[in-house]
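> 3D model of this:
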Amino acid sequence: MGPQPGWAVMTGRQSGMAIIVVIGATAALAALVSITALGAAGSAAAAAYRAQATQAEWLAEITVQQGIDALGAGTVPAPGPGVGCHFVNGIDQGSGAAFPVGVLPSPVTTWPPVTGTPGPSTGRGTVLRIVRVVGPDGAGRGRGGVADTDPLVDLEAEAWFRNARDTVVARVSIGAAGVTRLH
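Alright, predicted model coming up:
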C-alpha cells in the first residue's frame with residue numbers, strides 16, 4: 001500500500017529531525033517544570049526563614065524587656081563599672097543561679113527545644129548581657145554624665161529560633177523612679 005493522498009512521506013533525515021524536535025521540546029518542558037518546582041521550594045524556604053526571623057526578633061525583644069523588668073524589681077542588681085551579667089536561657093553564667101531573664105516557655109508544642117547555643121534547625125534560646133556604661137576613665141556613667149546619678153546600663157539580647165538569629169540592644173537609666181529605656 002502506498003502513500004495516501006494528502007499524506008506527506010518523510011525521508012529518514014526528516015524523521016530524525018522530528019525526533020530531535022520532540023526530544024528538545026520534552027527537555028525544555030522538563031526544565032520548565034524543574035525551574036517552577038525549585039522556585040516554589042525556594043519561596044517556601046524563604047517564607048519559613050522569615051517566620052523564624054520574626055520569632056527570633058520577638059524573643060530578643062522579650063528578653064530585653066525581661067532584663068529591664070528584673071533590673072527595676074531588683075531581681076537582677078545593676079552591675080558596677082567593669083562588671084557585667086551574662087545569662088544564657090535565664091542562668092547566670094557567673095554564679096549558675098537562675099534568674100527570670102531569657103526564660104521563654106513554649107506557647108505551642110511545635111516549637112523547638114531550648115538549647116544553650118544557636119545552631120541550624122536545632123532549637124531556640126537567648127543570651128542576655130547587662131553591662132554598666134563606663135567612660136574613657138573606666139568610671140561608670142550616669143544620665144547626667146556623672147558617675148552615680150541615674151546610672152546607665154546597656155542590655156544586649158541575642159535570640160535564636162531554628163535557623164534565624166537576632167540581636168536587640170537597649171540602653172536604660174536606673175533612677176529613683178525606676179528603670180527608663182532610652183533606646
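> got the contact list for the nearest residue to residue 53 once chain neighbours are set aside?
Take residue 53 and drop its neighbours on the chain: the residue closest to it by Cβ to Cβ, 6 or more residues apart in numbering is residue 164, 4.0 Å away. Just so you know, the C-beta spots here come from the backbone N, C-alpha and C atoms, and that holds for glycine as well. For residue 164, the contacting residues are 49, 52, 53, 55, 56, taking Cβ atoms under 8 Å, 6 or more residues apart in numbering as the criterion.
> top of those residues by neighbour count?
Neighbour tally across the contacts of residue 164 (other Cβ atoms under 10 Å): the maximum, 24 neighbours, falls on residue 56.
> continuing past the one helix or strand that residue maps to, what's the next helix or strand?
Secondary-structure assignment from DSSP states H and E places residue 56 in helix 12-73. Under the assignment DSSP H and E, the closest C-terminal helix or strand after helix 12-73 is strand 84-88.
> chain center to the following helix or strand past that next one: distance?
Heading C-terminal from strand 84-88, the first helix or strand you meet, by DSSP H and E, is strand 91-92. Averaging C-alpha coordinates over strand 91-92 and over its chain gives two centres that are 22 Å apart (Cα atoms, centre = their mean, to the nearest Å).
> now strand 91-92: average pLDDT?
Strand 91-92 carries an average pLDDT of 90.
> also stretch 47-65?
Regarding stretch 47-65, the rounded mean pLDDT is 89.
> on that earlier part again, check the offset of the helix holding residue 56 from the chain's centre.
For helix 12-73, the distance between its averaged C-alpha position and the chain's averaged C-alpha position is 18 Å (Cα atoms, centre = their mean).
> please name every helix or strand in contact with that helix.
Contact here means 3 or more Cβ pairs under 8 Å, 6 or more residues apart in numbering; DSSP states H and E; on that basis helix 12-73 packs against strand 124-132, strand 152-161, strand 164-175, strand 178-181.
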